[in-house]
Every structure is written in C-alpha cells, then in structure tokens.
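Student: quick one: sequence and predicted model below, then my questions.
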Amino acid sequence: MSGVSVRTLHHYDAIGLLKPAEVGTNGYRYYGRDELLRLQQILFYRELGFSLDEIRRVLDAPGFDRTAALRDHRRKLETDIRRRRCLLRTIDETLAALERDAPMEETAMYKGFDAERQAAYERELVDRQGPQMQDHIDQARAGRAGWRQADHDALQAEQAAIEAGMARALVDGLPADGPEATALMRRHHQWVARNWNREVPATAFAGLAAMYAADDRFQAHYDARRAGLAEYMTLAMTRFAARELG
C-alpha cells in the first residue's frame, strides 16, 4: 500500500525505526494501525529531507504528538506547494522571454528558488564541521559572485555529465579505481574545486566522500540516477583521494 519494499521494512526493523506488531511463526511481519501510522510519519519526514536517524529521534522523543506533527507537515507542504507554483511561473516567464527573444530582468529568473533551504543546509554544515566551514561557504559564495547564468549552467551540465559517466561505469561493472572512473573522478575533483572556489586536498575530497556515504540526501540524489551509484561514487572518490591526491 505504501510502496515501501520488504527489504526497506526489514531495514527499518533492524535499526529500530519501525517494528512490526508481531512476527508470525512463518517469519512474516504483521503491522497494525499504530505501525501503519508510524510508517506514514516516516514517509512524511523522508519527503521533508530528514535522515533515518533524525526521524527515529523525533518519533521516539517523549511527548511526540502525532496530530501536531501532521499539522506541521501540512504547513510545510503548503509552503512547498506555493514555492513550486512560483517556480512554474518562473519557468513560463523564462520560456516566453526566450521564445520572443525578449529581455528578462535577472531577478525574475530566480523567483521561487529556495534560499531558505540552502541557508538551513549551510547552517547544518557549520554545526557539523565547525566555524571554519563558514569561511569555506563565504569563499565559495564570493567565487560565484560575478557568475552569469551561463556559468551556473555549465557547472550543472558538468555535474550531470560526470554522474552519467559514473552510472555507465557502474552498469558496465568497471572498477571504482579503474582508468575510466579515475578520469571521471579527476573531472569531479576539478568540479568541486570550481564550486568551492579553492583547492581541494585529499582530506577534503575524502571527507566529501564520507558525507556522500553518511547523508541520506546525497544517497537519494545519486541512487535516483542508478541504484548503488552513491556507494560507487564514495568508493571512487576515496580511492582517488588516496592515490592521486595523497
């Protein structure tokens, strides 16, 4: 009913996130109304970008109020709907301007993009990595200060090309430290340096790989392109850092 696989339910059980009401003598897991409502909460929080550990802490916190949580989900989803409608208008206005070959105010190109979500992610990085991370964020922002839209488009196109290449290498069964993956990792390293506006030593590149492995959002991003790509990327980056940058 929920679209959650048996394998995922087994994983949720193993990590204590969602226990079945009972396990039959045949080994089948049985879920009652409370478990189904808890699963609904898990799926809502996943949609909102929470990691599994964060979801477990929230749901198991003393005084957790399911009704209040649903109201909060509703408010957040309404906000997201309004933002997406704004993004749709931005797309329509940009298409109209391009089709007419007409000028468009630069500020109008960026209506609806979630600056609040980006700011929240940056705060999370600073909390996790320490105050020096704020200096890195400021440096990256300064490097993009003079960029035009073509620069942003080029960066995104290179990211997509690297990910597509790594997905093909994964499907072809190529080793994560083979020549094809190494060439793509060299491009990825250059892409990160361009994005960060600074040199990326081995420790930083390996640290980024560890973040890919630990953060559900990165895993979801890569695995949406090809199942297993997040793990493959992490392995390739770690080996590239040790061999090429160390």
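Tutor: Alright, I've got the coordinates. Just so you know, these numbers come straight off a predicted model, no measurement behind them.
Student: could you use CA atoms for every contact and neighbour count after this?
Tutor: Noted.
Student: tell me how far residue 15 lies from residue 52.
Tutor: 9 Å (C-alpha to C-alpha, to the nearest Å).
Student: these two: who's more crowded?
Tutor: residue 52 (17 against 12; other C-alpha atoms under 10 Å).
Student: which parts of the helix or strand harbouring residue 76 are buried?
Tutor: Using DSSP states H and E, residue 76 sits in helix 66-100. Neighbour counts over helix 66-100 (16 or more other C-alpha atoms under 10 Å) mark 69, 73, 83, 86, 87, 90, 94 as buried.
Student: quick one: which of those residues is nearest residue 134?
Tutor: Nearest to residue 134, judged by C-alpha to C-alpha, of these is residue 83 at 26.9 Å.
Student: the host helix or strand of residue 57 to helix 66-100, inter-axis angle?
Tutor: Using DSSP H and E, residue 57 maps to helix 52-60. Relative orientation of helix 52-60 versus helix 66-100 (axes from the mean of the first three to the mean of the last three C-alpha atoms, to 10 degrees): 140 degrees.
Student: pull the CA atoms of helix 52-60 into CSV?
Tutor: The C-alpha trace of helix 52-60 is given here as CSV (Å, rounded to 0.1, in the frame of the first residue of the first chain):
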residue,chain,number,x,y,z
LEU,A,52,16.5,8.0,9.2
ASP,A,53,18.4,8.7,12.5
GLU,A,54,16.7,12.1,12.7
ILE,A,55,13.3,10.5,12.1
ARG,A,56,13.8,7.9,14.8
ARG,A,57,14.8,10.6,17.3
VAL,A,58,11.7,12.7,16.5
LEU,A,59,9.3,9.8,16.6
ASP,A,60,10.7,8.3,19.8
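Student: mind listing what's buried along it?
Tutor: Quick answer for helix 52-60 (16+ other C-alpha under 10 Å): 52, 55, 56, 58, 59.
Student: thinking again about what came up before, what's the offset of the helix holding residue 76 from the middle of its chain?
Tutor: Computed by C-alpha atoms, centre = their mean, to the nearest Å, the chain-centroid distance of helix 66-100 equals 19 Å.
Student: just stretch 38-45 next, same as before
Tutor: 18 Å.
Student: kindly report the same for stretch 173-193.
Tutor: Counting by C-alpha atoms, centre = their mean, stretch 173-193 comes out at 20 Å from the chain centroid.
Student: immediately after the helix or strand bottoming out on mean pLDDT in the chain, which helix or strand?
Tutor: Lowest on mean pLDDT, DSSP states H and E among the helices and strands of the chain sits helix 115-129, with a mean of 61. Next along the chain after helix 115-129, taking DSSP H and E as the criterion, comes helix 132-143.
Student: how about the nearest residue to residue 239, chain neighbours excluded?
Tutor: With sequence-adjacent residues excluded and distances taken as C-alpha to C-alpha, 6 or more residues apart in numbering, residue 239 is closest to residue 177, at 6.3 Å.
Student: can you count the residues close to that neighbour?
Tutor: A count of nearby residues for residue 177, using other C-alpha under 10 Å, gives 17.
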